[in-house]
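# Just to be clear, the model below is a prediction. Sequence and coordinates:
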Amino acid sequence: MANRGPSYGLSREVQEKIEQKYDADLENKLVDWIILQCAEDIEHPSPGRAHFQKWLMDGTVLCKLINSLYPPGQEPIPKISESKMAFKQMEQISQFLKAAEVYGVRTTDIFQTVDLWEGKDMAAVQRTLMALGSVAVTKDDGCYRGEPSWFHRKAQQNRRGFSEEQLRQGQNVIGLQMGSNKGASQAGMTGYGMPRQIM
């Protein structure tokens, strides 16, 4: 972690709001999934945001996770370093983020390296891992290990093909969004400027 002094004022309020988004129950679910998915002897971290951050901070667990979502021999990160040097660990986190984007996680769902490294926004890390799990469940390619109910399936594209005749028929129909003119009449209308007659 970086040596930063305490924050005050607006910075403090913003950081507290970010920290409130962190979900301890989600942390347990994600840890269980990562350990099951990697199928290796990965130690279970102690509960809590700081322990979760420390567990993921060197990038090795994240790289093992993304590699486990690919068939053997097609892993996106061929060499996972166990180095204790900060720049190597941050480089591994960046490799994981690039591989997650290639795998199908949207750019808007991906956290920044400093969010994890400095513990700035661990809720963003949770969102990225949730998005990764959702993409893995949706792909259904046999590489996902775990309960399918742990993550939501992403909506799939469902294109429809219409013939020219069907398109022409659709042009003759007034959609109900535009309203209807059935039963419309001017009965009961009075001339302009006259008060309404309520009996």
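Received, thanks.

# From now on I want contacts and neighbour counts done on CA atoms only, so please keep to that.
OK.

# Leaving out the residues flanking it, which one is nearest to the residue nearest the centre of the chain?
Among the residues of the chain, residue 131 comes closest to the average C-alpha position under CA atoms, centre = their mean, at 3.4 Å. Nearest non-adjacent residue to residue 131, counting by CA to CA, 6 or more residues apart in numbering: residue 105, 6.2 Å away.

# cool, and residue 21?
residue 123 (5.8 Å).

# measure the one you found to residue 162 for me?
Distance, residue 123 to residue 162, using CA to CA, to the nearest Å: 44 Å.

# ok, back up a step: where does the residue nearest to the centre of the chain fall, secondary structure wise?
helix 122-139 (DSSP states H and E).

# Off-centre distance for the helix or strand following that helix?
Once helix 122-139 ends, the next helix or strand along the chain (criterion: DSSP H and E) is helix 164-171. Helix 164-171 has its average C-alpha position 39 Å from the chain's average C-alpha position, going by CA atoms, centre = their mean, to the nearest Å.

# Please apply the same query to stretch 97-116.
Taking the mean of its C-alpha atoms, stretch 97-116 sits 9 Å from the chain's own mean (CA atoms, centre = their mean).

# what do you get for stretch 149-160?
A distance of 13 Å separates the C-alpha centroid of stretch 149-160 from that of its chain, computed with CA atoms, centre = their mean.

# now stretch 22-42
16 Å.

# Just the CA trace of it, in CSV.
Provided in CSV are the C-alpha atoms of stretch 22-42 (Å, rounded to 0.1, in the frame of the first residue of the first chain):
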residue,chain,number,x,y,z
TYR,A,22,-18.0,-2.9,-0.5
ASP,A,23,-20.1,-6.0,0.2
ALA,A,24,-18.7,-8.6,2.7
ASP,A,25,-21.1,-11.3,1.7
LEU,A,26,-20.1,-10.9,-1.9
GLU,A,27,-16.5,-11.1,-0.9
ASN,A,28,-17.1,-14.6,0.6
LYS,A,29,-18.9,-15.7,-2.5
LEU,A,30,-16.1,-14.5,-4.8
VAL,A,31,-13.4,-16.1,-2.6
ASP,A,32,-15.2,-19.4,-2.7
TRP,A,33,-15.6,-19.2,-6.5
ILE,A,34,-12.0,-18.2,-7.1
ILE,A,35,-10.7,-21.1,-5.0
LEU,A,36,-13.1,-23.6,-6.7
GLN,A,37,-12.4,-22.2,-10.2
CYS,A,38,-8.6,-22.3,-9.9
ALA,A,39,-8.7,-25.9,-8.5
GLU,A,40,-5.3,-25.4,-6.9
ASP,A,41,-4.0,-25.2,-3.4
ILE,A,42,-4.9,-21.5,-2.9
